[in-house]
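> A structural model of the following input is requested.
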Amino acid sequence: MNLKELIEVCKAIAKNHSNLSGDISFKDVSTLFIKEPGTLPGEVDEESIIHFSREKLRVLASNSYPENAIDREKKFSKDISACINQPSSSYNIPSEVQLHNILNYRYVAHLQSPIINGLLCSRNAKNILKAIFGENIFFVQYADPGYSLFRKIESDLVRYRQASGRDPELIFVESYGIIISSDSCDNIERLFDEITSKIMAGTQPLPEINPLPYNPMMDKALPVLRMLLSSGKPQVVRFRHNTLIQKYYNSQQEFHKVSLPLSPSVIRRCKTRFLYIDQTSASDRILDSFRYQLPNFINEYGYVPGIIVIKGIGVFAFAENCSSAEDSLDAFEDHIKITYYSGQQGGPKFLTPEQVSFLGEQNERCNPLNENEGRLKDNIVIFAGVPEGPVAQIVESVFMLGSNIVIAGNNETEGNKLISKLNKSKGFNLAVFVNTDLSDAASVKGMISAVVREFGGIDLLICNSGLPGRADTSDNDPESFSVINDVYYESFYLAAVYASEVMKIQNSGNSDHYCDIIHINNLECFRDENLNPAYSGASSACIGLTKSFALNLAPFRIKINSVCPGNLFEDSFWTDPQKGLFIRHLKTGKIQGARTTEDVRQFFENKVPLKRSCKSQDILKAILYIVDQEYETGQVLNVSGGLSVS
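Numbering: from 1, shown residues only. Just a heads-up that it's a prediction; the model follows:
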């Protein structure tokens, strides 16, 4: 089978339905190919398609399972996983795999959209569907997801086949969505569009949704909320504010209309309940209201909220990673839309307390938080200065460790190019670029506010002004001094001052949480007589800043240290064929006996006890050490391969 067929049908459906979610599959005689949950239809590729053995699934269908619902679903999910033909791979398992396997069509799409689910989550769904599509519709009343829903549809399917002699193309599942089956991928898309059009014919569409601004008052509240909602590893925060959300946050009465879950999808993606705050005159009032409500919320529901709705301000999602937080916002917004549409179809039919309880327990079991993953995983990291060369490699490595990255600098072209490259990795983290003049206080302060708005706080600031791109060593004039001072000294000072303000606020929410500021300086400022006084002075002054900041910030669990790498011979500062130090030293004859730039390189490498250049991974390991330990601050960590600075 050519997987491109399945990929194309996913993308075709997504093309005109960007808010669509659900499972889509294709099968041949031996294998069921199904889209991995969490992958948007428009983003499906071969890596996000799971291969199941159809024979194993058929054998599995005859197994017996425990009476206890949670134990039953746990065993059923484990058995489904054993049917995957790629045992070495780790996938999110679609809960309705067996449904895709038993339907006798090549293509099966279990699709959910606010318009269709608005009808299927309404009290009058079955009667309205009969009026639109006829008396012989295949309508399935609610059953818990996984094993229970599979058995429910399986038994209904037997009766349908006996009566009609074929399988249904359309299965309407209460509270879930629609299952469309066909031997033609074009027919899947046609049927979906036809169903959507027929349902919309009797429905008032949503008003246009327009974005609304972020309130800067949250800069002082979000870092605290982030800490208060974190047990162990800090959460990532994502924010959304628009005219759709605005309709439901102006009063407790309006919020109540969207406060109860309508579908398993909402519970899976943003938990069973949401917290509402109506004290919005000041950040302190927001925090006081939250601190008062949080213990009661936890006592009643058994978990911390994943969604917080704040009157007049918007919705904030708190999750273990950026992708999950963003998905929670999408789910909450879909929930609002479903509530709106169900209100036009006889009113919403909320899930019962028993159904909510089961789904909540299943959700907690299926999504454990792994607190032992990488040291920087899901941290919020700022790189002050658009990185290039070795530092760009460090940024990529930190991102691959799972950090959310903010690149702050004024080279918009290079900054956006790097974040575009990073965000193609399909991880759960996110990279953003903030255009910033790091020598301007207002610009730096605005950048820090943008980071809080984007992610909710700051865990690590890395100021990489020390390299690469150092000033020309021949410049020794007052103008050059001013430029160098802005680039190396003032930019570090401003970034550290404004980032530490957010870190201090976080400390008020969790006094045990450590944050870090790291300045990447340069070892050569202490020992190379050819570097100009302006550069050497600014670099040395940054060491002084590090030590002074350390004393001031220690009470807030903010560690600040400097990393001083040795020579990075792969950096263009050395290797540039016109202006690099290798060619300049060769032309000036500084290195006696050198006939090529390789001779010059060898001369400098021989001065290093470990006989090689410093590399980006050496600097990365120094950064990881500094972040990992809790008893080093105000220190200068030389990464020199044993090269003496005296």
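
> what about Leu620, neighbour count?
Number of residues near Leu620 (other C-beta atoms under 10 Å) recorded here: 21. Backbone N, C-alpha and C define where each C-beta goes, glycine included.

> now do Asp288
Applying other C-beta under 10 Å, I find that Asp288 has 13 neighbouring residues.

> got the buried residues for the one helix or strand Arg453 maps to?
Using DSSP states H and E, Arg453 sits within helix 441-455. Neighbour-count burial for helix 441-455, with 16 or more other C-beta atoms under 10 Å as criterion, is recorded at 443-455.

> same question for stretch 212-227.
Within stretch 212-227, the residues that count as buried by 16+ other C-beta under 10 Å are 212, 214-215, 217-227.

> where do the helices sit along the stretch 451-600 of the chain?
All helices of the stretch 451-600 of the chain, identified by DSSP state H, counting those that start in this stretch, fall at 478-484, 491-509, 533-553, 572-575, 581-588, 597-606.

> show me where pLDDT drops low in the protein?
Low-confidence regions of the chain, defined here as pLDDT under 70, cover residues 1-22, 38-44, 87-91, 362-374, 465-477, 480, 523-532, 645-646.

> spell out for me which residue occupies the centre of it.
For the chain, Cys322 is the residue whose C-alpha lies nearest the centre (C-alpha atoms, centre = their mean; 2.3 Å).

> is it true that it touches Gly456?
No. Using C-beta atoms under 8 Å, Cys322 is not in contact with Gly456; the gap is 10.0 Å.

> check which helices and strands the helix holding Arg453 sits against.
The contact analysis (3 or more C-beta pairs under 8 Å, 6 or more residues apart in numbering; DSSP states H and E) places helix 441-455 against helix 222-228, strand 236-240, strand 380-384, strand 404-409, strand 431-435, helix 491-509.

> so which of the ones you listed gets nearest Arg291?
Closest of those to Arg291 is helix 222-228, at 7.3 Å (criterion: C-beta to C-beta).

> and that closest one, what does it pack against?
Applying 3+ C-beta pairs under 8 Å, 6+ apart, we find helix 222-228 packed against strand 236-240, helix 283-301, strand 314-319, helix 441-455, helix 491-509.

> now, of these, which is deepest in the fold?
Of all those, strand 314-319 carries the top mean neighbour count, a mean of 26, counting by mean count of other C-beta atoms under 10 Å.

> now the helices and strands packed on helix 441-455 in CSV, with distance to Glu254?
Converted to CSV, the helices and strands packed on helix 441-455 look like this (distance: least, C-beta to C-beta, whole Å):
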stretch, distance to Glu254
helix 222-228, 22
strand 236-240, 17
strand 380-384, 32
strand 404-409, 32
strand 431-435, 32
helix 491-509, 29
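
> quick check: which of the ones you listed is nearest to Leu57?
strand 236-240 (36.2 Å).

> can you tell me the strand partners of that closest one and which way each runs?
strand 314-319 (antiparallel) (DSSP bridges).

> may I have the partner strand as CSV, with CA atoms only?
The C-alpha trace of strand 314-319 is given here as CSV (Å, rounded to 0.1, in the frame of the first residue of the first chain):
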residue,chain,number,x,y,z
GLY,A,314,-8.6,35.8,28.5
VAL,A,315,-7.9,32.1,28.9
PHE,A,316,-4.6,30.6,30.1
ALA,A,317,-3.6,27.0,29.7
PHE,A,318,-1.1,25.4,32.0
ALA,A,319,0.5,22.1,31.0
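
> quick one on the thing from earlier: for Ser562, find the nearest of the helices and strands packed on helix 441-455.
helix 491-509 (9.5 Å).

> so what touches the closest one?
For helix 491-509, the external contacting residues (C-beta atoms under 8 Å, 6 or more residues apart in numbering) are 219-220, 223-228, 234, 382, 384-385, 408, 438-441, 444-445, 447-448, 451-452, 457-458, 461, 463, 465, 513, 515, 517, 519, 542, 545, 549, 553, 556-558, 560.

> Throw the buried residues of helix 441-455 into JSON lines and include distance to Val356, thanks.
Converted to JSON lines, those look like this (distance: C-beta to C-beta, whole Å):
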{"residue": "Ser443", "distance to Val356": "48"}
{"residue": "Val444", "distance to Val356": "46"}
{"residue": "Lys445", "distance to Val356": "44"}
{"residue": "Gly446", "distance to Val356": "43"}
{"residue": "Met447", "distance to Val356": "42"}
{"residue": "Ile448", "distance to Val356": "40"}
{"residue": "Ser449", "distance to Val356": "38"}
{"residue": "Ala450", "distance to Val356": "37"}
{"residue": "Val451", "distance to Val356": "36"}
{"residue": "Val452", "distance to Val356": "33"}
{"residue": "Arg453", "distance to Val356": "32"}
{"residue": "Glu454", "distance to Val356": "32"}
{"residue": "Phe455", "distance to Val356": "30"}
